[in-house]
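Participant: coords please:
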Amino acid sequence: MSIDTATGAEAPSELSSERVKAIFSHIAPRYERFNAVSSFGTYRAWLRRMVKMMPFDEGAEVLDVAGGTGDVTFAVARGKQPAHITCTDLVPEMLEVARAHLEQGCAGEVPVELIAADAQDLPFEDERFDAVTVAYGVRNMPDRPRALAEMLRVLRPGGSLTCLDFSTPGNAAWRGLYGFYLRHMIPFWGRVIAGERDGFVYLGDSIRAFPDQRGLATMMEEAGFERVTWQDCTGGIAAIHVAYKPR
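Facilitator: Here you go, the predicted model:
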């Protein structure tokens, strides 16, 4: 079933996909600055933790789904030294920023390929990759079961999925403060940094409509993954899930 990623209500997939393309193609040049300022730099710590939790090392063939400007791809290249990384994203303008970083040497000696692709219809053969990574991507996908099924399909038996995304704080007071920040401060930072308010209203809405930690884990299990675990970041503002394809 496809949904409106801003509300969680059933809706044609084109509604959310076209909106995501429009928003991220516009903000691509300023997206990294927005992340740094709006998270007060915390997203870098989350990314380092994500890389440490990835259960693969040198020699792995890695697929970074919804890779955007390449934050995860380049962190994996530095931290894990895999044999090869394929970075995909729905929005070509985001990948152009990643390409500029790649030309600056951000991947070191690790070969990186950039491909515009929809995670809900990945253009790869079955069982091609040892590991799949995705950060802040599943939340923007209108047909999440299909996207997770695609990630499972392209993984080799025993391969891993590592997913970082916003989640739900368990503490009620912290959750309320976080909700205020999403409603008011995220659009404010979007207007100040990117000159775009409406797209960042969507960002806050999509986070509030996204399943909590257990809900996302259940979606992964229903897609066919096993041994799904997660760790909270900053009191549950975000969470890192790790899951495996059965052998």
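
Participant: what about dumping the CA coordinates of the longest strand along the chain to PDB?
Facilitator: When the chain is parsed with DSSP state E, its longest strand is strand 155-166. Coordinates of each C-alpha in strand 155-166 appear next as PDB, following Å, rounded to 0.1, in the frame of the first residue of the first chain:
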ATOM      1  CA  LEU A 155      21.000  -8.400  -0.700                       C
ATOM      2  CA  ARG A 156      22.900 -11.700  -0.700                       C
ATOM      3  CA  PRO A 157      21.800 -14.300   1.900                       C
ATOM      4  CA  GLY A 158      23.100 -13.200   5.300                       C
ATOM      5  CA  GLY A 159      23.600  -9.600   4.100                       C
ATOM      6  CA  SER A 160      22.700  -6.600   6.300                       C
ATOM      7  CA  LEU A 161      20.500  -3.600   6.200                       C
ATOM      8  CA  THR A 162      21.500  -0.600   8.300                       C
ATOM      9  CA  CYS A 163      18.900   2.200   8.600                       C
ATOM     10  CA  LEU A 164      19.200   5.600  10.300                       C
ATOM     11  CA  ASP A 165      16.000   7.700  10.500                       C
ATOM     12  CA  PHE A 166      14.100  10.000  12.900                       C
END
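
Participant: paired strands for that strand, with orientation please.
Facilitator: strand 129-135 (parallel), strand 238-244 (antiparallel) (DSSP bridges).

Participant: will you turn those into JSON lines that also has mean pLDDT and mean neighbour count?
Facilitator: For glycine as for every other residue, the C-beta is placed from the backbone atoms N, C-alpha and C. Shown next, in JSON lines, are the strands paired with strand 155-166 (pLDDT from 0 to 100; neighbours: other Cβ atoms under 10 Å):
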{"stretch": "strand 129-135", "mean pLDDT": "98", "mean neighbour count": "25"}
{"stretch": "strand 238-244", "mean pLDDT": "97", "mean neighbour count": "23"}
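
Participant: hang on, residue 68 in a helix?
Facilitator: No - using DSSP: H, G, I helix; E, B strand; the rest coil, the assignment for residue 68 is coil, not a helix.
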